[in-house]
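Peer 1: Fold the stuff below for me.
(3 chains)
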Amino acid sequence: MGLLEAIILAVLAASTPLLLAATGELVTERAGVLNLGVEGMMIVGAACGFAGAWLTGSVIVGAICGMLAGVVLSLVFALMTLALAVNQVAAGLALTILGTGVSGLIGSRFVGEKITTAPKLYIPGLTDIPFAGRILFGQDAFVYLSLALIIGASWFLYRTRGGLILRAVGDNHASAHALGYPVLRIRMFAVMFGGACAGLAGAYLPLAYTPFFIPGMTAGRGWIALALVVFSSWLPGRLVIGAYLFGAVTILQLHAQGAGLGIPSQFMTALPYLATVIVLVLISRARTGGSTAPAALGTVFVPDR
Amino acid sequence: MQLVLEKRAERSNTIALVSPLIAIGLTIATMSVLFAILGKNPIVALGVYFIDPLADSYSLQEIAVKATPLVMIAIGLSFCYLANAWNIGAEGQFLIGAVAGSWLAVKTHGTDAGLWVLPAMLLLGAIGGALYALIPAICKVRFGASEILTSLMLVYVADLLLDYLVRGPWRDPKGFNFPTTAEFDPVATVPILIEGGRLHLGAVITLLVVVAGAVLLGKTIMGFEIRVVGAAPRAARFGGFNSNRLILLTFAISGALAGMAGIIEVAGPIGHLQPGISPGYGFTAIIVAFLGRLNPAGILIAGLFLALTFIGGEQAQIAMKIPLDVTKVFQGILLFYVLACDSLILYRFRLVSSSPKVSRGVA
Amino acid sequence: MLFGPKSGAAPLLQTVGLTKRYGAFLANDCIDIEIWPRQIHALLGENGAGKSTLVKAIYGLIQPSEGEMRWQGEKMVLSGPSDARARGIGMVFQHFSLFDNLTVAENVALGLDGQQSFKDISARLEEVSNVYGLPLDPRRDVWQLSVGERQRIEIVRALMQDPKFLILDEPTAVLTPQEADQLFIVLERLKAEGRAILYISHKLEEVKRLCDIATILRGGKKVSACNPRAETAASLARMMVGTEIREVKAAAGRQTTVPRLVVNDLSLEPDDPHGVHLKHISLELKGGEILGIAGVAGNGQDELFAALSGERLAQDPGTVVIDGTAAGHLSITQRRRLGAAFVPEERLGHGTAPRMKLSENALLTGHAASGMVHRGFIKLAAMLSTVDRATKAFDVRKAKRDPEAASLSGGNLQKFIVGREILRNPAVLVVSQPTWGVDAGAATVIRQALLDLAARGAAVLVTSQDLDELAEITDRIAVMFHGRLSAPLPTAQATREQLGLLMGGSALEEKEAPHAVSA
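Peer 2: Numbers count the residues shown, from 1 in each chain, chains lettered A, B, ... in the order given. From the prediction side, this is the model:
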């Protein structure tokens, strides 16, 4: 296996949790809800995903546990921000703080345990094609699922009536309410979808990326996913590009550390975080004046009855 | 049945006072259930958490020691949140403050530097924290980049920078390869208030910060600016207040306070710079700020309460083998309840049945 | 049955004892109303009389607390607006129910129920547009459209469902007189097709001209049902308000003095992509004079207010001159110190911070010059005294001495805001929509205050979409269109037609006689 092939394979693996979590958040934000609790939902998804897989020996059960955990947390967020009209920024922070604690509580007994990670696809002939074979036909199911999800989300948002309604709710909740659309219920489903994606993204880490659970293993990926949604200008196509770019940064800094360039490892590790800041600045600067964020993003809606 | 919110004509002052208490009550009820699930006797566990630490002078001092950084950071954060500037990177500003102040302690280590060292360290800590906080603020004002995400990203960067320093250039040569600086000289250490105790000068500084914060918010035009920019940005602009200036100002203030809290923690209870100097003070301070209703006096009480949960959590781990993560869960649940109860100040909750005629209020 | 067809048939829609309660507040109190086909039914009432609540109930947006609705004689309980639409009830909202960042076709699709292909919708859209002479380009984004075009979307969307009953909430408030005439033609035609129309308005002349029957609401109660053609505007107004309306009186022999507000060739790019570009605006306003700026909403009035107030700064100091001082580069606070005062259109959130007390809202604009701040510390006594003086001088009704701004009614809050500024005795007052959504009593107080201020030598600039208001209080009227300002006309000589053409932009392009353009 050549170095380039190895790097591409590693980038795909590192990008997948970002893409999964960001896809969910993109749909959530398109409905006008800013859920800053992605990191919290991911870390609980990681703990529950590992727990499920360790207890049953099944990666699929683990993935479902991770998703369900994300959905449960997202419902707490939905209850707060939609039913009780709590500020979305504050509730998102609360979700992350809570998630960190819950994850430690569930995951602590599994620290040091190991599982078999998700198998990689193998199609005789196709996977054996030099270079492209492993990259295209030799991934685990999560990688394909993440791509299917973003394509599906894109199709839903732009090609279906449901997607049109969801975008309308995110553009102007008062108008949507006046036309009789159940704004809060639509937003709740969007938040739950975001939760499922974040939970799955978290579960990916112990189920496919590394075969064990460590507390705090999401290491800010949830926040980077949030930044990716901004980077994408809320467009699914750009989200894919952004996720793979960030995966590449992560992997390249690891390789640079391995290559021993004499740069302290801490500086290399800081690279993805610094890159996020720089990208946010560049993207926001390019957009000064016009903003493509959903117009109702982050605002509270209380219908009168 | 359906939950319906009705806007109150005017904010309810009674509920503004009572809501944190309701939130704490609900949190304790939830925790009891959690303790029961963990197989612990809820009453005994709650006693260890909330009563035992109040029983002896050592724990009481320890509570004040833990509350010191929490309150100091939360006062600064409350300015930000009132002005609708979302600084969630106080943890990073705390670390950079610690690093900036420690620089002087490391440089003067073993020299015969005078009493000026500690004040200079505090000043450096505050400046370091403020400058670090200004990075996301400037990115926001100048380029429109989300301060939430940038300030949070810089926490990881600060953590790594501190890690690099104590493993690299600042490592104590006599420290058996542990990642730590040398123990600070006496002139670089925050003095203890009571001989043999743990309570240090930082607590006094924090009290001064609380008083100054209360005066600034309640009595000055600058405090009014901060409040009005957050409450009604367009009206604030109409009033002639510049929201960009206030984002910079509130970030700088909160960064300075977080930075000062960082160097006080390092030069006080810890005594040297090392990784892991904060058990998440910068994040817990967010809860303190909200539980204290973004009001300096409330923050003082809230800070003491959350410090109690830190101490109680440690004791519960030792005495009952309750995992330390329970404290974090507790804090997360508390913040949720606080936010939910705050909704009661602006709204009345009603349960409405599906048929339009029957409705009854619950609050 | 007084005005309905004589046959024994049931009305299309009937409300019986319809009541809507919000807490202890009765928004609608036992309202009976009958809607018949082939009738344009006016719903009249002041702001807060309960008109919006009633139509929201009829459109299924809110559930009545008591009473019932009957549709063609049968009891009707609506589960929501789509239920209302399915029965044939259509609605054109006052503040529109559109989505700025979606296309016209998408907006229309969102207003239709059921699965229809985009192709079908576009085809139907074109058909209805053509039939009623309401042209629309389905591919454009809504934010690019004028207010009149936006209303067209709402109307076409409602008509595409072939409604039996159409509700229009203040449809002409945002239109030029000519656009309103076009709308009336469409409404007459809908009536002739056998549809029923509920027409909400407070423009009484319009109601007299268009409507067959009028129901008048006051304080949540129905006070009268009458034939508007048999009434005078004054008698209708009396029923709406409940008392005789006081006329405002201009002081006799008002003297104009030196120019106090001068705008020289002001051009300003918008700071928000959906904003209007101000182009070459010039005006001169003398002390003692009231200048009106008419125009359809969204033609640059907000941008002009921001540029005059200093919320946005101009590049060239000389573009805005306040009392002889070049002020284009000065902040709003500095302009206030020069003696200027400002009243924005939006009371809550712009003119005041809604959840702050009146005293704090006095400080909001008073901190610049009124002795409320000393060495950075605020003086509560001075703030409260401003509240008390404004309360007394302008009859502000409130529950306690210093309540939150949001707890006041629209009229009382507007009186407080205008009072807060006038008490500072400004040399220049720039006021936007001074009586928008305000009850008649408060409107009279405010208009009189503006006249009195001018009589004391101040220059007053009033922006309003209400031509009647401008006619009542101004000396000259200029019109804004697409970011440009016309030359002012003396109010005494300006006709509605002239102003309407200027508001539609036609006379501004070709400076020839207005009659060349057909209305």
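Peer 1: just checking, next helix/strand downstream of whichever strand or helix holds A:G152?
Peer 2: Secondary structure assignment for A:G152, by DSSP states H and E: helix A:141-159. For helix A:141-159, the following helix or strand on the C-terminal side (DSSP H and E) is helix A:161-171.
Peer 1: and that following helix, does that touch chain C?
Peer 2: Yes - Helix A:161-171 is in contact with chain C by Cβ under 8 Å from any Cβ of the partner chain, via A:R161, A:L164, A:I165, A:R167, A:A168, A:D171. The C-beta positions use only the backbone N, C-alpha and C, and glycine is treated the same way.
Peer 1: Bridged to C:D169, which residues?
Peer 2: Note on C:D169: beta-bridge partners by DSSP bridges are C:I200.
Peer 1: can you pull the contacts of it?
Peer 2: C:D169 makes contacts with C:K51, C:S52, C:V55, C:M91, C:V92, C:F93, C:Q94, C:I200, as judged by Cβ atoms under 8 Å, 6 or more residues apart in numbering or on different chains.
Peer 1: show me what contacts the third one?
Peer 2: Put plainly, it is C:V55. C:L43, C:M91, C:I167, C:D169, C:L198, C:I200.
Peer 1: Redo those as a markdown table? Include pLDDT and distance to A:Y244.
Peer 2: Supplementary listing: the contacts of C:V55 in a markdown table, determined by pLDDT from 0 to 100; distance: Cβ to Cβ, whole Å:
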| residue | pLDDT | distance to A:Y244 |
| --- | --- | --- |
| C:L43 | 94 | 58 |
| C:M91 | 93 | 47 |
| C:I167 | 95 | 52 |
| C:D169 | 90 | 50 |
| C:L198 | 96 | 56 |
| C:I200 | 92 | 55 |
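Peer 1: With adjacent residues omitted, what lies nearest to B:A297?
Peer 2: Nearest residue to B:A297 in three dimensions, chain neighbours excluded: B:A214, at 6.3 Å (Cβ to Cβ, 6 or more residues apart in numbering or on different chains).
Peer 1: Mind giving me the packing neighbours of the one helix or strand the one you found maps to?
Peer 2: Counting by DSSP H and E, the element that carries B:A214 is helix B:201-219. Helix B:201-219 makes packing contacts with helix B:57-82, helix B:221-231, helix B:243-265, helix B:296-320 when contacts are defined by 3 or more Cβ pairs under 8 Å, 6 or more residues apart in numbering or on different chains; DSSP states H and E.
Peer 1: gap between stretch B:138-146 and the chain center?
Peer 2: 24 Å (Cα atoms, centre = their mean, to the nearest Å).
Peer 1: Show residues contacting that stretch.
Peer 2: With Cβ under 8 Å, 6+ apart as the criterion, stretch B:138-146 contacts A:227, A:230, A:277, A:280-285, A:287-288, A:291, B:85, B:136, B:147, B:150, B:244, B:247-248.
Peer 1: Where does the stretch 351-500 of chain C get nearest to chain B, residue-wise?
Peer 2: Of all residues in the stretch 351-500 of chain C, C:A353 sits closest to chain B, at 3.6 Å by Cβ to the nearest Cβ.
Peer 1: Show the contacting residues for that residue.
Peer 2: B:V228, B:A231, B:A232, B:A235, B:A236, C:E360, C:N361, C:L364, C:A405.
Peer 1: what's the answer for A:L164, then?
Peer 2: Contacts for A:L164 (Cβ under 8 Å, 6+ apart) come out as C:L102, C:E106, C:A109, C:L110.
Peer 1: if we can go back for a sec, pick out the most distant pair among the contacts of C:A353.
Peer 2: B:A236 and C:A405 (13.6 Å; Cβ to Cβ).
Peer 1: for chain C, what are the low-confidence residue spans?
Peer 2: C:1-8, C:245, C:251-253, C:507-519 (pLDDT under 70).
Peer 1: which parts of it sit against chain B?
Peer 2: So chain C meets chain B at C:22-23, C:63-66, C:309-311, C:331-333, C:336, C:342, C:344, C:346, C:349-356, C:360-361, C:363-365, C:367-368, C:373, C:376-378, C:403-404, C:406-407 (Cβ under 8 Å from any Cβ).
Peer 1: Give the buried subset of the residues you listed as a PyMOL selection command.
Peer 2: In PyMOL, this line selects whichever of these come out buried by 16 or more other Cβ atoms under 10 Å in any protein chain shown:
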select buried, chain C and resi 63+64+65+309+310+311+331+332+333+336+342+344+349+350+351+352+353+354+355+356+360+361+363+364+365+367+368+373+378+403+404+406+407
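Peer 1: Please narrow the residues of chain C next to chain B to those residing in helices.
Peer 2: Judged by DSSP state H, the residues of chain C next to chain B include C:S309, C:I332, C:T333, C:R336, C:E360, C:N361, C:L363, C:L364, C:T365 as members of helices.
Peer 1: So the fourth one sits against B:G239, correct?
Peer 2: No - at 9.8 Å, C:R336 and B:G239 do not qualify as touching, with contact defined as Cβ atoms under 8 Å.
Peer 1: and for those two, which residues touch both?
Peer 2: Both C:R336 and B:G239 are contacted by C:T365, under the criterion Cβ under 8 Å, 6+ apart.
Peer 1: show me the contacts for residue 168.
Peer 2: This is for chain A. A:S175, A:A176, A:Y181, C:F99, C:L102, C:E106, C:L110.
Peer 1: wait, I meant chain B there
Peer 2: A:P264.
Peer 1: any idea how far it lies from A:P264?
Peer 2: 6 Å (Cβ to Cβ, to the nearest Å).
Peer 1: okay, now the residue lying closest to A:A83 once chain neighbours are set aside: neighbour count?
Peer 2: Among residues not flanking A:A83 along the chain, B:L3 sits closest, at 5.4 Å (Cβ to Cβ, 6+ apart). Counted with other Cβ atoms under 10 Å in any protein chain shown, residues neighbouring B:L3 total 12.
Peer 1: Name the helix or strand for B:L3, please.
Peer 2: Assigned by DSSP H and E, B:L3 belongs to strand B:2-7.
Peer 1: Tell me if I'm right that C:H280 and C:L266 touch.
Peer 2: Yes - the pair C:H280 and C:L266 qualifies as a contact (Cβ under 8 Å) at a distance of 7.4 Å.
Peer 1: In contact with the residue of the stretch 51-200 of chain C at minimum distance from chain A, which residues?
Peer 2: Chain A sits closest to C:P81 of the stretch 51-200 of chain C, with a gap of 3.1 Å, by Cβ to the nearest Cβ. By Cβ under 8 Å, 6+ apart, C:P81 lies in contact with A:A178, A:L179, A:G180, C:Y59, C:G60, C:L61, C:M91.
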